[in-house]
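A.B. asks: Prediction below, plus the sequence it came from.
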Amino acid sequence: MFELTDRVAIVTGGARGIGKGICLALAKQGANIAIADILVNEGNETIAEIEKLGRKGLMVETDITVKDQVDQMVKKVMDTFGKIDILVNNAGWDKMEPFMESKPETWEKVIAINYKGVIHFTHAVLEQMIPKSYGKIINISSDAGRVGSMGEAVYSGCKGAIIAFTKTIAREMARYKINVNCVCPGPTPTPLVEEMRAKGGFAEKVFAGMERIIPLRRMGEPEDIAHAVVFLASDEANFITGQTLSVSGGLTMC
Ligand SMILES: NC(=O)c1ccc[n+]([C@@H]2O[C@H](COP(=O)([O-])OP(=O)(O)OC[C@H]3O[C@@H](n4cnc5c(N)ncnc54)[C@H](O)[C@@H]3O)[C@@H](O)[C@H]2O)c1
């Protein structure tokens, strides 16, 4: 089940957190992995773990907000592996604060990373997938994009945009047998979340009560999200496209 031997996957933001969990889960099923991330040292550490599993890995320093860097990264993956079967648009960033206290610079950064980066990678990778009439794109959105989230107004907007973008690309790409789906994590302790919590104040208050309101009574682990991604990247999911799957212990049921 979920055989990915010799498949080639690009994972954005694969250096740490949920992205790292996704890289290792895909590699365990047989995929070779290319990481696009700005954190080179952490990225190389993830690549070393992928290679320990007997797979090939490639770390390419890439800022997903810069279209040229994305195009160069995709070219490097094609030169190295000759194809791209799977794209996981995972890289993301947020600063948790009430909307009326947030600044335009923060809105720009949130939109550039969480939404424009997804557009850049999807366009560049589809150019390679369409001629092969094969591909799996999995976009990491968030439950925030389905039901909103206190202190994450612009981020929630981007994550909602990703869900709508996913559905449209799924419709346009169906004729090429390219599946496009979304996975929505709920609260998952990762370096991003820990950095937000460490600042105390608003973010800490929001996260502190989280475990009590999640029906399955725990936060997520990167592996929880990764298992859903592995399924959607596999041929067992060939008849699933344009869908949004929450992996959040029942926090969001919609
Ligand atoms: N952790 C959660 O609670 C949670 C909940 C819902 C959704 N998500 C989503 O899951 C994804 C992963 O988040 P995480 O919690 O693992 O965060 P993280 O910060 O631990 O990991 C994110 C990765 O993205 C990379 N990244 C950030 N900006 C980049 C850029 N401009 N170019 C290239 N790479 C960049 C970071 O360097 C990092 O390696 C994000 O899309 C996030 O929005 C996380």
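C.D. replies: Arrived safely. Numbering: from 1, shown residues only.
A.B. asks: quick one, what contacts the residue nearest the centre of the chain?
C.D. replies: Against the mean C-alpha coordinate of the chain, by CA atoms, centre = their mean, the closest residue is residue 90 at 1.7 Å. Contact analysis of residue 90 by CB atoms under 8 Å, 6 or more residues apart in numbering lists 11, 12, 13, 14, 18, 19, 22, 140. Any C-beta I mention is one placed from the backbone N, CA and C, and that applies to glycine too.
A.B. asks: could you measure it against the ligand, distance?
C.D. replies: Using CB to the nearest ligand atom, to the nearest Å, one obtains 5 Å as the distance from residue 90 to the ligand.
A.B. asks: how close does that residue sit to residue 37?
C.D. replies: Distance, residue 90 to residue 37, by CB to CB, to the nearest Å: 10 Å.
A.B. asks: Now for these two: what residues contact both?
C.D. replies: Residues touching both residue 90 and residue 37 (CB under 8 Å, 6+ apart): 12, 13, 14, 19.
A.B. asks: from the residues you listed, which ones fall inside strands?
C.D. replies: residue 12 (DSSP state E).
A.B. asks: who wins for neighbours among the shared contacts of residue 90 and residue 37?
C.D. replies: residue 14 (32 neighbours; other CB atoms under 10 Å).
A.B. asks: Need the nearest residue in space to that one, chain neighbours excluded.
C.D. replies: In this structure, residue 14 finds its nearest non-sequential neighbour in residue 35, 3.7 Å apart by CB to CB, 6 or more residues apart in numbering.
A.B. asks: The one you found: what secondary structure?
C.D. replies: strand (DSSP: H, G, I helix; E, B strand; the rest coil).
A.B. asks: Quick one: neighbours of it, just the number.
C.D. replies: 31.
A.B. asks: Which residues are in contact with it?
C.D. replies: 10-12, 14-15, 19, 23, 43, 46-47, 57-60.
A.B. asks: Could you tell me which of those are located in helices?
C.D. replies: If you go by DSSP state H, the contacts of residue 35 have 19, 23, 43, 46, 47 in helices.
A.B. asks: What's the per-residue pLDDT of the closest residue to residue 62 other than its chain neighbours here?
C.D. replies: The spatial neighbour of residue 62 that comes closest, neighbours along the chain excluded (CB to CB, 6+ apart), is residue 36 at 3.9 Å. Residue 36 carries a pLDDT value of 99.
A.B. asks: Save the shared contacts of residue 90 and residue 37 as JSON lines, and put in pLDDT and distance to the ligand too.
C.D. replies: Listed next are those as JSON lines, based on pLDDT from 0 to 100; distance: CB to the nearest ligand atom, whole Å:
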{"residue": "12", "pLDDT": "99", "distance to the ligand": "6"}
{"residue": "13", "pLDDT": "98", "distance to the ligand": "3"}
{"residue": "14", "pLDDT": "98", "distance to the ligand": "7"}
{"residue": "19", "pLDDT": "98", "distance to the ligand": "5"}
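A.B. asks: Please identify which of the shared contacts of residue 90 and residue 37 is nearest to residue 66.
C.D. replies: residue 12 (12.6 Å; CB to CB).
A.B. asks: Show me the beta-bridge partners of the closest one.
C.D. replies: Note on residue 12: beta-bridge partners residue 36, judged by DSSP bridges.
A.B. asks: residue contacts, it?
C.D. replies: 19, 35, 36, 37, 62, 64, 88, 89, 90, 91, 117, 121.
A.B. asks: at 7 Å what do you get?
C.D. replies: Contacts for residue 12 (CB atoms under 7 Å, 6 or more residues apart in numbering) come out as 36, 64, 88, 89, 90, 91, 117, 121.
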